[in-house]
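>>> coordinates only, sequence not included:
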């Protein structure tokens, strides 16, 4: 499983890299907040290093809801004036789609004043207060620049911030003036040291990799259902072709991650209700190379190779490298066919969905021209209906999950607004 293909340290690097592709400013803010939180937890002295590392990861994700609810380019707006939407969506996202189900309420309350959170019956209430303090310090530093002094926090002790947390901040800065390291951007090595203590189980790695797929749903929920369909078609084909478990797993993770490069593509292009010009098409095609760079050095090379080839074709007509059959295997062919079929079956803003007849005709022509691997394609067409039924059921489950999340969002919003 995932433990064989990615280390704990590389998993955190991949999460950060994905955040950075989505928005550099938000990614950097989240790392700084995580660093401040780690220094506070370390100063308190009652945490193991792996626990500190876990809270740093949570801090890295604390603003993830903003990618759904706000324009992340207007950070001060959603951090200072419109705090509830991204806090709620981030809480629900982490509760349902990450390993942080138990701690997700930290994100829900991370913008609420201490006067409203001090009586919460919540195991991680103090860590919540520290995250709240760490986030506000970074926001205020960004707003005030060199005029910012941490003593400004004292003014809000007992109202906005937990007095114990404020006292801990003062002690932490007296022990090690980490704010200076943030100002001159020299804290990176310490962040790396904390992250070296991340210890993820196989199940946690699996959840994190799935979470990265769900990141695409923050842009467009249909992207998640399409990826799940691609995974399902690929998985059924690996079974029909009797591939070994290692090959099955490599194809699964390649399918899971093959479109995360789309996070770098402007939404207006992905959802344009028209045919794109050549320049726009070429820009969208860069998602493959972006994905490859995101994954490079972090996950198994075999998985990267399969994922990077998902738009290649056996006759050399694909992209980005124009690879031919001699450079590819049936694992590449399975993901290529799965991605094509799922994409063809989906209605797009610029075209209708293809029918079964049209898809099979295109695949038959692809076999004749050498575009698609004959064995993989023929196997798919023999089991077309069964494979597609399973894929559609899996995709429907993803959409149901999003509907549940949206219902819960409205309920939580109404209870807190």
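Nice, thanks for sending it over. Owing to the predicted nature of the structure, the values given are computational and were not obtained by experimental measurement.
>>> burial count for residue 400?
Using other C-beta atoms under 10 Å, residue 400 is surrounded by 10 other residues. Just so you know, the C-beta spots here come from the backbone N, C-alpha and C atoms, and that holds for glycine as well.
>>> same thing with residue 191?
Neighbours around residue 191, by other C-beta under 10 Å: 18.
>>> which ones are touching it?
Applying C-beta atoms under 8 Å, 6 or more residues apart in numbering to residue 191 gives the contacts 31, 34-35, 38, 56.
>>> between the residues you listed, which has the most around it?
Busiest of the contacts of residue 191 [other C-beta under 10 Å] is residue 34, holding 28 neighbours.
>>> surely residue 263 meets residue 19?
No: if you go by C-beta atoms under 8 Å, residue 263 and residue 19 don't touch, sitting 9.3 Å apart.
>>> quick one: buried residues of stretch 387-402?
387-388, 390-392, 394-395, 398, 401-402 (16 or more other C-beta atoms under 10 Å).
>>> Please narrow those to those residing in helices.
If you go by DSSP state H, those have 387-388, 390-392, 394-395, 398, 401-402 in helices.
>>> thinking again about what came up before, mind picking the two most distant members of the contacts of residue 191?
Spanning the widest gap among those are 31 and 38, at 10.4 Å by C-beta to C-beta.
>>> and residue 348, backbone torsions?
phi -110, psi 160 (degrees, to the nearest 10).
>>> if I look at it, how far off is residue 175?
57 Å (C-beta to C-beta, to the nearest Å).
>>> Mind checking which of the two has more residues around it?
Set residue 348 next to residue 175 and count neighbours by other C-beta under 10 Å: residue 348 wins out with 14 against 11.
>>> Would you mind measuring from the more buried one to residue 265?
Distance of residue 348 to residue 265, computed by C-beta to C-beta: 14 Å.
>>> Over to residue 111?
Residue 111 is 30 Å from residue 265, by C-beta to C-beta.
>>> Kindly report the same for residue 89.
Distance from residue 89 to residue 265, counting by C-beta to C-beta: 22 Å.
>>> and those two? which has more neighbours close in?
residue 89 (26 against 19).
>>> wouldn't residue 40 be in contact with residue 173 here?
No: counting by C-beta under 8 Å, residue 40 does not reach residue 173; the two are 9.8 Å apart.
>>> Residues touching the helix or strand harbouring residue 287, excluding its own?
Using DSSP states H and E, residue 287 sits in helix 278-295. Identification of contacts with helix 278-295 by C-beta under 8 Å, 6+ apart yields 14, 17-18, 21, 257-262, 264-266, 269-270, 272, 276, 303-304, 307-308, 310-311, 319-320.
>>> Which stretches in this protein count as strands?
For the chain, applying DSSP state E gives no strands.
>>> How is it divided into domains?
As given by automatic domain parsing, the domain ranges for the chain are 2-200, 219-405.
>>> what about the shortest one, start to end distance?
Start to finish, the residues bounding domain 219-405 are 15 Å apart (C-alpha to C-alpha, to the nearest Å).
>>> Give the rounded mean pLDDT of it.
Averaging pLDDT along domain 219-405 yields 95.
>>> Ok, the longest one next?
In this model, domain 2-200 has an average pLDDT of 94.
>>> which residues touch residue 231?
Residue 231 sits in contact with 252, 255-256, 338, 394, where contact means C-beta under 8 Å, 6+ apart.
>>> In helices, which of those residues fall?
Short answer: the contacts of residue 231 in helices (DSSP H) are 252, 255-256, 338, 394.
>>> Return the member of the residues you listed nearest to residue 142.
Of all the ones in helices among the contacts of residue 231, residue 142 sits closest to residue 256, with 34.5 Å by C-beta to C-beta.
>>> tally of neighbours for the residue nearest to the closest one when sequence neighbours are not counted?
Distance criterion C-beta to C-beta, 6 or more residues apart in numbering; nearest residue to residue 256, sequence neighbours excluded, is residue 213 at 5.4 Å. Using other C-beta under 10 Å, the number of residues around residue 213 comes to 21.
>>> how close does residue 213 sit to residue 221?
In terms of C-beta to C-beta, residue 213 sits 12 Å off from residue 221.
>>> for residue 407, same thing?
As judged by C-beta to C-beta, residue 407 and residue 221 stand 14 Å apart.
>>> For the stretch 151-300 of the chain, which segments are assigned as helices?
163-175, 178-183, 188-195, 202-215, 221-240, 245-257, 267-270, 278-295 (DSSP state H, counting those that start in this stretch).
>>> for the ones you listed, which one sits closest to residue 95?
Among the helices of the stretch 151-300 of the chain, helix 202-215 sits nearest to residue 95 (C-beta to C-beta), with 11.7 Å.
>>> helices or strands up against the closest one?
helix 8-22, helix 84-97, helix 221-240, helix 245-257 (3 or more C-beta pairs under 8 Å, 6 or more residues apart in numbering; DSSP states H and E).
>>> Distance from the third one to the middle of the chain?
Its chain's C-alpha centre and that of helix 221-240 lie 18 Å apart, by C-alpha atoms, centre = their mean, to the nearest Å.
>>> now the last one
Taking C-alpha atoms, centre = their mean, one finds helix 245-257 lying 18 Å from the centre of the chain it belongs to.
>>> same question, the first one
A distance of 8 Å separates the centroid of the chain from that of helix 8-22, by C-alpha atoms, centre = their mean.
>>> and that helix, what does it pack onto?
helix 24-44, helix 49-60, helix 188-195, helix 202-215, helix 278-295.
>>> can you redo these as JSON lines with distance to residue 412?
Below are the helices and strands packed on helix 8-22 laid out as JSON lines (distance: least, C-beta to C-beta, whole Å):
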{"stretch": "helix 24-44", "distance to residue 412": "22"}
{"stretch": "helix 49-60", "distance to residue 412": "19"}
{"stretch": "helix 188-195", "distance to residue 412": "31"}
{"stretch": "helix 202-215", "distance to residue 412": "19"}
{"stretch": "helix 278-295", "distance to residue 412": "32"}
